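**Q** Structural data only, the sequence is not supplied:
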């Protein structure tokens, strides 16, 4: 199993490098975020031993259960929250994560600002944009995103590093990636977290600076 896992990891790394070359970008221009949600420490360990250091988790409680022990063995892990954040989990998220990619509403911005001041810890922040305007999906509306980034900076004192999106499953992803890149330029942010297992190579062509890849590395998830 470890061999198959490591082969998939290497395949993804090679695909990222190839997509960067085809886009005329340096091969190291894009960070791979290995999405380890629903996978336990035993499943993650071979990927860590293969040199992967950036990981994405959807839930604060799940991440709390497995990452402290792994960090005792690997002290240079970068942990990213890529799932929706409840305001009552803001304190735990600030304490645990190095990057929070799902800043998507005013209440979250306020709670994060309060907790960052209280804890003296400042994880890097991304605003999640709902590029498909899907009612069931988290994220700030596209028409409000630039103003929201400005409010995060000016009213809450938050440094917004980038934007994140999850295109609708049935849409072609390219237009959503192009839209996020346009909003990022207007908002004055440099980083773009976009692209997952099925479309990360496309995202790189549209300027992604990080891609979130789970099943293409770890295989199909068992949701129990």
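**A** Received, thanks. Predicted model only: the values in this text are computed from it and were never measured. Numbers count the residues shown, from 1 in each chain.
**Q** Can you tell me the centre-most residue of this protein?
**A** Geometric centre of the chain, nearest residue: residue 82, 4.5 Å, by CA atoms, centre = their mean.
**Q** Could I get the contacting residues of it?
**A** Each residue near residue 82 by CB atoms under 8 Å, 6 or more residues apart in numbering is listed here: 33, 35, 56, 57, 58, 101, 102, 164, 193, 212. For every residue, glycine as well, the C-beta is placed using N, CA and C.
**Q** Tell me the first helix or strand C-terminal of the top strand by length along the chain.
**A** Ranked by residue count and defined by DSSP state E, the top strand of the chain is strand 124-130. Following strand 124-130 in sequence order, the next helix or strand is strand 140-141 (DSSP states H and E).
**Q** Okay, now the sheet partners of that following strand, with direction.
**A** strand 124-130 (parallel) (DSSP bridges).
**Q** Now residue 44: closest residue in space, sequence neighbours ignored.
**A** Computed as CB to CB, 6 or more residues apart in numbering, the closest residue to residue 44 that is not its neighbour in sequence is residue 36, at 5.1 Å.
**Q** Likewise for residue 40?
**A** Nearest one to residue 40, counting by CB to CB, 6+ apart, is residue 66 at 6.1 Å.
**Q** wait, is residue 56 part of a strand?
**A** Yes: counting by DSSP: H, G, I helix; E, B strand; the rest coil, residue 56 is part of a strand.
**Q** okay, and for this structure, where does confidence drop off?
**A** Counting by pLDDT under 70, the chain shows low-confidence ranges at 1, 221-224.
**Q** cutoff 90 now
**A** Applying pLDDT under 90 to the chain flags residues 1-2, 219-224.
**Q** Could I get the full set of strands for the chain?
**A** Residue ranges of the strands in the chain, as given by DSSP E, are 31-35, 54-57, 78-81, 99-103, 124-130, 140-141, 160-164, 191-193, 210-213.
**Q** from the chain's centre, how far out does the shortest one sit?
**A** In terms of CA atoms, centre = their mean, to the nearest Å, the gap separating the centre of strand 140-141 from the centre of its chain is 17 Å.
**Q** Check the last one too.
**A** Taking CA atoms, centre = their mean, one finds strand 210-213 lying 7 Å from the centre of the chain it belongs to.
**Q** so what secondary structure elements neighbour it?
**A** The helices and strands touching strand 210-213, judged by 3 or more CB pairs under 8 Å, 6 or more residues apart in numbering; DSSP states H and E, are strand 31-35, strand 191-193, helix 200-205.
**Q** give me the beta-bridge partners of residue 81?
**A** residue 57, residue 100.
**Q** Pretty sure it sits against residue 101.
**A** Yes: between residue 81 and residue 101 there is a contact at 6.3 Å, judged by CB atoms under 8 Å.
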